[in-house]
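> here is a sequence with its predicted model. Questions after.
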Amino acid sequence: MKKDKLIDGSYWNKKQTKWKQPPVKIKHGDLVDVELEDFTSKSFLGRYIGKGYGVVEFYNYATGVKHHIGKVVSRGLDRNPRLISDDELLKIIED
């Protein structure tokens, strides 16, 4: 049982071979922080796709949309949860 102990607030075992859901389960499509191997940044906001993995979408003007799959580090937080609606925005725009 000791080898399955969770480390660093993540839900992977020490060898990162076994995924264990947290007490409040992460469902498909939920926001998660995803760690990608090919990038220098620690984690990116993405969506949960199952079995401890998430997908992140990047847009590059030259190449278009690309999806990258990586291991989930933690439950993600929407960094701007209170966006104004389009209807309200149109009332405020001045030019």
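Thanks, I have the structure now.
> could you check how far Arg47 is from Lys91?
Counting by CB to CB, to the nearest Å, the separation of Arg47 from Lys91 is 31 Å. Heads up, the C-betas are built off the backbone N, CA and C, glycines and all.
> before we move on, what SS does the nearest residue to Tyr53 once chain neighbours are set aside have?
Closest residue to Tyr53 apart from its sequence neighbours, by CB to CB, 6 or more residues apart in numbering: Ile69 at 5.6 Å. Put simply, Ile69 is strand when judged by DSSP: H, G, I helix; E, B strand; the rest coil.
> any idea what Ile69 is bridged to?
Beta-bridge pairing of Ile69 under DSSP bridges involves Val55.
> residue contacts, it?
By CB atoms under 8 Å, 6 or more residues apart in numbering, Ile69 lies in contact with Val34, Ile49, Tyr53, Gly54, Val55, Val56.
> TSV for the residues you listed, including distance to Val73 and pLDDT?
Listed next are these as TSV, based on distance: CB to CB, whole Å; pLDDT from 0 to 100:
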residue	distance to Val73	pLDDT
Val34	7	89
Ile49	14	91
Tyr53	11	91
Gly54	9	90
Val55	14	90
Val56	12	89
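> so how far is Lys27 from Gly46?
14 Å.
> more neighbours: which of these two?
Gly46 (24 against 9; other CB atoms under 10 Å).
> each with direction, which strands does the helix or strand hosting that one pair with?
Counting by DSSP states H and E, the element that carries Gly46 is strand 44-50. Strand 44-50 pairs in its sheet with strand 31-35 (antiparallel), strand 53-60 (antiparallel), by DSSP bridges.
> what residue ranges in the protein score low on pLDDT?
Across the chain, the ranges flagged by pLDDT under 70 are 1-10, 78-83, 95.
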